[in-house]
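Peer 1: Starting from these lines, generate the structure:
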Amino acid sequence: MAIPILNHMDFQKSAEIRNVRLHNQAASGVTSPGVGQIIYDSGTLKFYSGETSAWVALGTGTGSGTVTSVAISGTDGIQVDSGSPITSNGTITLGLNAIANSKLANSTVSYGGISLSLGGSDATPAFDLADATNYPTSSLTGTISNSQLAGSIANSKLANSSVSYGGVSLSLGGSDATPAFDLADATNYPTSSLTGTISNSQLAGSIANGKLANSSITINGSAVSLGGSVNTLQLGTTGSTALAGNTEVDNMSAAKFKTKLEAAFAGNAVNIGTNADSVTVPGNFTVAGTTTYKDETIQIVEDNTLAFRAGDGNNHEIKLTAADASSDKTITLPNLSGHVPLMASAVGGTISASPTEINQLDGVSVGGTGSGDIATIDGTQTLSNKTLTTTQITEISNLTATEGAQLENINSVTISNAQWGYLGAATAFGGSLLDDADAAAGRSTLGVDAAGTDNSTNVTLVTTSHDYLSISGQAITLAAIDLTADVTGDLPISEGGTGQSTASAAFGALKQAATTSATGVVELATASEVKAGSGAGKVVDATQVGARSKVATIDVSNATFASNLYAEIQHDLATEDVIVQLFDSSTKETVYADIARTDKSNSASTSKIKVTFAAAPSNDIEVIITSTAGAGAGTVVYS
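Peer 2: Sure, this is the predicted structure:
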């Protein structure tokens, strides 16, 4: 596809066009050839002069022809002798005498319509003196008719020597380049011949909209003709975003920003990053709703409690909570797969038995179970020829490992029935004391602390108006803290707060400027800053990007354009540093013309350009003007 060039290319007799191929085209296939056009037609250079409708073939090598004329200048000439060749100097000399007229190609001469053979004579030739000059008037005979006058008769020789038109009088032979004619009664004066501008007072006052290049304006996507009216001006796409009348647009505060942000997310899921991204929250992260991990639902439903829901439509939950810790505790999940056993009530210690020891119980059949017992043997059983009651067996099961070892050391010693009775008569409280592993466990069984103080008395809680702490018996419960009623002062930033009491002040305390390596708060550039490429540290809104460019269409059917072959385009970008591109509105091909950063009067301009063509284009021309204001300076090297 060829690139149309719609104006001249002047190489200033200096630059060269190199390695150019002429248009390889048969002359018969060229429509409307231009004067001076050269083509290469099947091995022959052809030139179109415009004088005839035919193409002229140009010679491309050596050949023969006829010399139609020879110019001789200076003192040197051409010497021709009988039988001698033409040399480079001398005069032409004929070496023949008395050549008869019949031997000559032309043997007559003719002047003024009188032909005479060489050597002939005519004493009174009737010459035609139409082109003759300097004939004396004294030699004339007869009278001079009007048609024979020379045309230089002085005005004073005439009865009337001046004329007057439109109030302007001028003598014959005079000149007035700009006569001040009174054209009050003149008609049919073409408007294309007018100069200057027509003032508003000269307009009739009834110019139809159809006579204007632009007869309407577009408001919110709807065209309004001149003379029309807009009763309500709506900015925005919906009634909720429209601004009508004198509605004031408030500055967006932090509180309003939060409100709008929450409303925007009300019915939409928010995605942060992609599967390849890691999201880091440097401060506190609070989720008021449900957090979903891989189709599983995990919720913090109350203090220290996580709720797990399978997400299969079943609303039942498994809640995992923790007791109120009196000190830091560490719970380690083993590197195993399986299920965690649960206790029916709270436990006060850990299981010291190994998995192997516990597994020894697997498969052992015990007669019965009782609340609080590890194992209960129903009825009476025989042990070393001794009969043990159920109560006695229960007490033995409560023995500690040390006590059990002592029992094993009895070996062959015979225990009397009375001695066995001591164990059998022991109460559950006494058995639990025997089973305690150390003093701390014993103090726990006795209900005293290390100092020996009785813990059976309820502890009272001295409260004020705050209700986030409550006590029942020996249990203290921590409830939700009301930040309004229970907390005073401003939480400092170091403690996860803002150190401020208002939203605007909090925003000012927490905000930081955005950089190329850190997120933060940025300010939008103004429209003028976008156009000028200024406003360091500010960002451009997507709707402002187009402010650095302008587009226009050159209407080639316009009569004034067809006459002048130039168009002035006002871009108002306030800079001469603009990039201009032209393309055909029909073929969409890029075209070239003369681009000047001036107005139509060729005066330098930062708000207009002038596009000039050598000939009117076939289709309308689209013009794109882009500002480079604010661009960095390049480095120029001259060696």
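Peer 1: Do a quick rundown of the helices in the stretch 401-550 of the chain.
Peer 2: In the stretch 401-550 of the chain, helices defined by DSSP state H, counting those that start in this stretch lie at 401-408, 417-425, 428-435, 439-446, 503-510, 527-532, listed in chain order.
Peer 1: Quick check: buried residues in the third one?
Peer 2: Under the neighbour-count criterion of 16 or more other Cβ atoms under 10 Å, helix 428-435 has Gly431, Ser432, Leu434, Asp435 buried. C-betas here are computed from N, CA, C, even on glycine.
Peer 1: Any idea how far stretch 606-613 is from the middle of the chain?
Peer 2: The offset between the C-alpha centroid of stretch 606-613 and the centroid of the whole chain comes to 27 Å, using Cα atoms, centre = their mean, to the nearest Å.
Peer 1: Actually, stretch 42-56.
Peer 2: Relative to its parent chain, stretch 42-56 has a centroid offset of 52 Å by Cα atoms, centre = their mean.
Peer 1: List of residues touching that stretch?
Peer 2: Stretch 42-56 has contacts (Cβ atoms under 8 Å, 6 or more residues apart in numbering) with 22, 26-27, 33-41, 57-58, 60.
Peer 1: again, 10 Å this time
Peer 2: 22, 24-28, 30, 33-41, 57-60 (Cβ atoms under 10 Å, 6 or more residues apart in numbering).
Peer 1: Check which helix or strand Ala126 maps to.
Peer 2: Using DSSP states H and E, Ala126 sits within no helix or strand.
Peer 1: Let me know whether it touches Ile114 as I believe.
Peer 2: Yes - Ala126 is in contact with Ile114 according to Cβ atoms under 10 Å; the separation is 6.6 Å.
Peer 1: So the two - more neighbours on which side?
Peer 2: Ile114 (12 against 9; other Cβ atoms under 10 Å).
Peer 1: ok, now how distant is the more buried one from Ala552?
Peer 2: Distance of Ile114 to Ala552, computed by Cβ to Cβ, to the nearest Å: 73 Å.
Peer 1: One more: Ala509?
Peer 2: Ala509 is 50 Å from Ala552, where distance means Cβ to Cβ.
Peer 1: next one: Ala480
Peer 2: When distance is defined by Cβ to Cβ, Ala480 is 66 Å away from Ala552.
Peer 1: Kindly report the same for Leu149.
Peer 2: Plainly put, Leu149 is 62 Å away from Ala552 if you go by Cβ to Cβ.
Peer 1: So which of these two has more stuff around it?
Peer 2: Between Leu149 and Ala552, counting by other Cβ under 10 Å, Ala552 is the more crowded of the two (16 against 9).
Peer 1: Skipping its backbone neighbours, what lies nearest Ser164 in space?
Peer 2: Nearest non-adjacent residue to Ser164, counting by Cβ to Cβ, 6 or more residues apart in numbering: Leu170, 7.5 Å away.
Peer 1: can I assume the one you found sits in a strand?
Peer 2: Yes - in this structure, Leu170 lies within a strand as judged by DSSP: H, G, I helix; E, B strand; the rest coil.
Peer 1: Please report the confidence value the model assigns to it.
Peer 2: Among the per-residue scores, Leu170 holds a pLDDT of 87.
Peer 1: Verify the stated contact: it with Pro179.
Peer 2: Yes - Leu170 sits in contact with Pro179 when judged by Cβ under 10 Å, with a separation of 7.6 Å.
Peer 1: tally of neighbours for Asn602?
Peer 2: For Asn602, the number of neighbouring residues by other Cβ under 10 Å comes to 11.
Peer 1: and it, helix, strand or coil?
Peer 2: coil.
Peer 1: pretty sure it contacts Lys610?
Peer 2: Yes - contact status for Asn602 versus Lys610: in contact at 7.1 Å, counting by Cβ under 10 Å.
Peer 1: Now for those two: what residues contact both?
Peer 2: Between them, Asn602 and Lys610 have Tyr566, Ala596 as joint contacts when contacts are counted by Cβ under 10 Å, 6+ apart.
Peer 1: rewinding a little: what bridges to the residue nearest to Ser164?
Peer 2: Under the criterion DSSP bridges, Leu170 forms beta bridges with Val163.
Peer 1: any idea how far it lies from Ala177?
Peer 2: Counting by Cβ to Cβ, the gap between Leu170 and Ala177 amounts to 11 Å.
Peer 1: about what we covered before: wait, what's in contact with the residue nearest to Ser164?
Peer 2: Residues counted as contacts of Leu170 (Cβ under 10 Å, 6+ apart) are Ser162, Val163, Ser164, Asp176, Pro179.
Peer 1: likewise Ala547?
Peer 2: Neighbouring residues of Ala547 by Cβ under 10 Å, 6+ apart: Ala525, Thr526, Ala527, Ser528, Glu529, Val530, Lys531, Val540, Asp541, Leu573, Ser627.
Peer 1: Pick out the least confidently modelled helix or strand of this structure, by mean pLDDT.
Peer 2: Least confident helix or strand of the chain, by mean pLDDT, DSSP states H and E, is strand 381-383 with a mean of 45.
Peer 1: List the beta-bridge partners for Thr218.
Peer 2: The partner list for Thr218 in beta bridges (DSSP bridges) reads Ala223.
Peer 1: does it really touch Gly228, like I thought?
Peer 2: No - the pair Thr218 and Gly228 fails to qualify as a contact (Cβ under 10 Å) at a distance of 11.8 Å.
Peer 1: What subset of the contacts of stretch 42-56 is buried?
Peer 2: Buried residues within the contacts of stretch 42-56, defined by neighbour count using 16+ other Cβ under 10 Å: Ala27, Val30, Gln37, Ile39, Asp41.
Peer 1: Just flag the most distant two among those.
Peer 2: Gln37 and Asp41 (11.6 Å; Cβ to Cβ).
Peer 1: intersection of neighbour lists for those two?
Peer 2: Common contacts of Gln37 and Asp41, defined by Cβ under 10 Å, 6+ apart, comprise Leu22, His23, Ala27, Val30, Trp55.
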